[in-house]
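Asks: Mind looking at a prediction? Sequence and model below.
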Amino acid sequence: MFYSAKLANFGGLTKSFAKVKTIKIWNDSPSERQLTEIARDLEMGQIMVFPTDTLYAIGCDALNVKAIDRICSLKRINPEKSNLSIICADISMAAEYCRIENFGFKLLRDYTPGPYTFLFRASSTLPKAFKGRKVVGIRIPDNETDRAIAARLGHPILTTSIEYEDEDYAVNPSLISEAYGDKVDLFIEGADGTTEYSTIIDCTGNQPELVREGKGEIDF
């Protein structure tokens, strides 16, 4: 049975008396105190559900191997067979974790922040969970909260979309929290979600290739 946490607010930081802790972000503009709290929790290995510019997602500190293992287990992902994606604060952060050709930089400049996942060749700076994987998905979403969390961490957030059967459980934050309240440690509540996935562009070859058409238009 799912349950809703009983919440109390202490100085702008929301505490939960149930398993999941909820932090409400207004107008996609987190406070400094909220960012500090979220980054601290992620550094401790906690996993979260959080809003993006597409679907709500499950995420963690992308350099925390144990947290990545928890998410892979929750989503039944085999990291040896699936490409993993990370959210970066900006292009400079992305360049630390993948190899970007000139046309890739141009795409990132033209289309980010935005609802796109760009596939690049992974670099050796990624953690153990990425070892053996030659490709990593890079997201710089049009969501200030996500980029600010990554910036406060100083490195990327691992990200994978939530799963749902009923569309309401993809869109309504209260229902998303209900569904994941006993599966994650932290729920970042933002605006309503969507059911649209990101557009995926493969940038590992000599020219970009559209892999999946989702939210957002692209012309190359």
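Replies: Perfect, I can see it now.
Asks: going forward, measure contacts and count neighbours with C-alpha atoms only.
Replies: Fine.
Asks: Show me the longest strand that occurs in the protein.
Replies: Counting residues, the longest strand found in the chain (DSSP state E) is strand 116-122.
Asks: Could you list every helix and strand that that strand packs against?
Replies: Applying 3 or more C-alpha pairs under 8 Å, 6 or more residues apart in numbering; DSSP states H and E, one finds that strand 116-122 makes contact with strand 98-99, strand 135-139, strand 199-202.
Asks: Of all the ones you listed, which one is nearest Asp166?
Replies: strand 199-202 (22.1 Å; C-alpha to C-alpha).
Asks: Apart from its chain neighbours, what residue comes closest to the residue nearest the centre of the chain?
Replies: For the chain, the residue nearest the mean C-alpha position is Thr159 (3.4 Å; C-alpha atoms, centre = their mean). Excluding its sequence neighbours, the residue lying closest to Thr159 (C-alpha to C-alpha, 6 or more residues apart in numbering) is Gly59, at 4.6 Å.
Asks: That neighbour: neighbouring residues, count only.
Replies: Gly59 has 27 neighbours, counted by other C-alpha atoms under 10 Å.
Asks: Just the residues contacting the one helix or strand it maps to, thanks.
Replies: Using DSSP states H and E, Gly59 sits within strand 57-61. Here strand 57-61 makes contact (C-alpha atoms under 8 Å, 6 or more residues apart in numbering) with 42-43, 45-51, 67-68, 71, 153, 155-162.
Asks: Strands of this structure, residue ranges please.
Replies: 7-10, 13-16, 21-24, 48-50, 57-61, 85-87, 98-99, 116-122, 135-139, 157-161, 186-189, 199-202, 209-212.
Asks: re earlier: closest to Glu178 out of the helices and strands packed on strand 116-122?
Replies: Among these, strand 135-139 sits nearest to Glu178 (C-alpha to C-alpha), with 26.4 Å.
Asks: Now do that closest one, average pLDDT.
Replies: When pLDDT is averaged along strand 135-139, the result is 95.
Asks: likewise stretch 208-220?
Replies: 93.
Asks: Please pull out the lowest mean pLDDT helix or strand from the chain.
Replies: Every helix and strand of the chain was ranked by mean pLDDT, DSSP states H and E. The lowest is strand 7-10, at a mean of 36.
Asks: Now Asp90: closest residue in space that isn't a chain neighbour?
Replies: That would be Ile140: by C-alpha to C-alpha, 6+ apart, it lies 6.2 Å from Asp90.
Asks: Give the pairing partners of the longest strand of the chain; include direction for each.
Replies: Strand 116-122 has the following strand partners under DSSP bridges: strand 98-99 (antiparallel), strand 135-139 (antiparallel), strand 199-202 (parallel).
Asks: Name the residues that touch that strand?
Replies: Under C-alpha under 8 Å, 6+ apart, the answer for strand 116-122 is 85, 97-100, 133-141, 198-204, 215-216.
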